[in-house]
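Participant: Mind folding the following:
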Amino acid sequence: MADLISMKELQNKEHTIIDVRTDEEVENDPIPSDKLIHMELQTIPARLEELPNDKLLAFVCAGNIRIAQAAQYLEGLGYNNVCVLDKFSI
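Facilitator: Now for the predicted structure:
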């Protein structure tokens, strides 16, 4: 499983936040960041080319289930730059 990281820890690293929540969830509870890509979980396989290889990919969702799935999927593809953002640290 990918490491859990806080927003404070993340700020000191080159990163991109990947928000895998639904459009409605994002609209109701936006995450303020200029380093964020909104990519619903089910769209990740079709959008892999949008994920930077040279930065830490910090996945976030509402309850950590979807980010665990996303992290596991990417780690299975050989990505070693994946972590889980602690939503409660935002």
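
Participant: Show the contacting residues for the residue nearest the centre of the chain.
Facilitator: The structure's the chain has its C-alpha centroid closest to residue 59; by C-alpha atoms, centre = their mean the separation is 1.6 Å. With contact taken as C-beta atoms under 8 Å, 6 or more residues apart in numbering, residue 59 is in contact with 2, 17, 18, 20, 67, 70, 71, 82, 83, 84, 85. No exception for glycine: its C-beta is placed from N, CA and C like everyone else's.

Participant: Does it belong to a helix, a strand or coil?
Facilitator: strand (DSSP: H, G, I helix; E, B strand; the rest coil).

Participant: Residues in a beta bridge with it, which ones?
Facilitator: Applying DSSP bridges to residue 59 gives these bridge partners: residue 18, residue 84.

Participant: Tell me the spacing between the residue sitting furthest away from the middle of the chain and residue 51.
Facilitator: Relative to the centre of the chain, the most outlying C-alpha is that of residue 28, 17.8 Å out, by C-alpha atoms, centre = their mean. From residue 28 across to residue 51, the span is 25 Å (C-beta to C-beta, to the nearest Å).

Participant: All set now, cheers.
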